[in-house]
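[1] coordinates only, sequence not included:
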């Protein structure tokens, strides 16, 4: 159940990131959603247990683990958009 939650959170933050970054193209929205899912999964499954905040994949929920997964999604979206801007130049 935790992995499904991370996928949903990552997709929502990816979509919101595409709105904030003003990337309204369909491809950009899908890329941001995928980056958000990836960032949330990496932070929620790997980083959170390393920091002792709970393993969201195993169903051990904590506010700190959820915030870390949200932060992971945001970092992944920002990194993707910075990379896309560099390539566009």
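    Here it is on my side, so go on. This is a predicted model, so every value here is computed, not measured. Numbers count the residues shown, from 1 in each chain.
[2] I'd like to know which elements whatever helix or strand residue 67 lives in is packed against.
    Following DSSP states H and E, one finds residue 67 within helix 63-88. Counting by 3 or more CB pairs under 8 Å, 6 or more residues apart in numbering; DSSP states H and E, the packing neighbours recorded for helix 63-88 are helix 2-20, helix 26-42, helix 48-50. In short, each C-beta sits where N, CA and C put it, glycine included.
[3] so can I have TSV of these showing mean pLDDT?
    Below are these laid out as TSV (pLDDT from 0 to 100):
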stretch	mean pLDDT
helix 2-20	77
helix 26-42	81
helix 48-50	83
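[4] I'd like to know which of the ones you listed is closest to residue 57.
    For residue 57, the closest of these is helix 2-20, at 5.0 Å, according to CB to CB.
[5] hmm, back to that, list the buried residues for the helix holding residue 67?
    Using 16 or more other CB atoms under 10 Å as the test for burial, helix 63-88 gives 65-66, 68-70, 72-74, 76-77, 80-81.
[6] how many degrees apart are it and helix 26-42 in direction?
    Helix 63-88 runs at 140 degrees relative to helix 26-42, counting by axes from the mean of the first three to the mean of the last three CA atoms, to 10 degrees.
[7] phi, psi of residue 62?
    Residue 62 has phi and psi values of phi -150, psi 160 when expressed as degrees, to the nearest 10.
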